[in-house]
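In: from the sequence below, what's the structure:
(2 chains)
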Amino acid sequence: MPGRLVDLGRHGVQLPDSLIVDTSLVVAGLNFANRLPTLPSTPRATRFFDLLRNQGSLGLLTSVVAQELFHVAIRELFRAEVANHHAALAEAFPTRRRFDWLDLFKVMPGLLDTFSPELERLRHVLALTGLKMLQPHDLAPLPSGHRFERELLRMVSHYRLDTNDAAILLDAQRAGVMSIATLDADLRRAQLDFDVYTWL
Amino acid sequence: MVAKRETKTELSYEEQVAIARANLERHTNELRREIDQYVAAGGDPAADLNDFVRKTFEPDGLLQSLREWRAERGKPDLDEW
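Out: Model (predicted):
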């Protein structure tokens, strides 16, 4: 049965008890914490998290969303450190004058140890704001006889999505959660089977 | 040495689905309780999150990293949302 497109900008919108939340929406919500509402996505995300809290709904993060979210946090933590390690970077890349987060990651991967407490704290504060990471034992197995990669490719073709977005929907389906909140227009195509909460 | 006889029976697909659904329900209820207890004890999750992000990341840094990463993968810029 096809799902619905639900406009999160509509007054009085009701969220389900739990729904999958896409990476961009989580990061936009985090950005608002820095009081820089520079893009439409930021106040939208803030309103979404207010709704989540006020209605007692839980946002569920799939493994792909968790991986993407921590990736963005890690690259940002490295990016912020680039200026503090210019000498080491210049020695490692003598022909270069500009460096990015990946250069620093390659030269000083040990910085991840110092970022570890921040990443753990990020996990904890997200949980307390109503975002739960789906665990492997929360997911039903694939229907008998289906292989993971075959099912993933089926989802790619069915929803016409890239692999990461298809993998998010695959985990959502395995968790039995057929609602997703997103800022990303591509994911509207999930409406074939999911209720898609977005801004129209 | 005598080999132990395997007594575990294979669960059907439906039984495995039921177990996964029960796990998810239990874990979401646990998280709801944890949040309720935290708030009841005077905690403010939204304020804690804001405080953490402000202290840990540069202003607009997360969004900038997200935009760069999306650009690397050919995803539309956030301004298009």
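In: which ones are touching the residue most central in space within chain A?
Out: Centroid check for chain A by C-alpha atoms, centre = their mean gives A:Thr23 as the closest residue, at 1.8 Å. Applying C-beta atoms under 8 Å, 6 or more residues apart in numbering or on different chains to A:Thr23 gives the contacts A:64-65, A:68-69, A:72, B:66. In this view, the C-beta of every residue, glycine as well, is placed from N, C-alpha and C.
In: what of A:Leu161?
Out: Here A:Leu161 is in contact with A:155, A:169, A:186-187, A:189-190 (C-beta under 8 Å, 6+ apart).
In: mind doing that once more with 7 Å?
Out: Going by C-beta atoms under 7 Å, 6 or more residues apart in numbering or on different chains, A:Leu161 touches A:186, A:189.
In: got it, and the one 10 residues further on?
Out: Contact analysis of A:Asp171 by C-beta under 7 Å, 6+ apart lists A:62-63, A:134, A:139.
In: the same query, at a cut-off of 8 Å, please.
Out: A:20, A:62-64, A:134, A:139.
In: mind checking which of those are buried?
Out: A:20, A:62, A:64, A:134, A:139 (16 or more other C-beta atoms under 10 Å in any protein chain shown).
In: which of those lies closest to chain B?
Out: A:Leu139 (5.7 Å; C-beta to the nearest C-beta).
In: so what pLDDT did the closest one get?
Out: What the model reports as pLDDT for A:Leu139 is 96.
In: give the buried residues for the helix or strand of chain A with the lowest mean pLDDT.
Out: Lowest by mean pLDDT, DSSP states H and E among the helices and strands of chain A is helix A:23-32, with a mean of 82. By neighbour count with 16+ other C-beta under 10 Å, helix A:23-32 contains the buried residues A:23-32.
In: same check, this time on stretch A:130-150
Out: A:130-134, A:138-140, A:142.
In: report how many residues lie close to A:Glu76.
Out: Using other C-beta atoms under 10 Å in any protein chain shown, A:Glu76 has 25 other residues around it.
In: wait, isn't it in contact with B:Pro59?
Out: No - A:Glu76 lies out of contact with B:Pro59 (C-beta atoms under 8 Å); the separation is 11.3 Å.
In: from what I can see B:His27 touches A:Asp138, true?
Out: Yes - judged on C-beta under 8 Å, B:His27 makes contact with A:Asp138 at a distance of 6.3 Å.
In: done for today, thanks.
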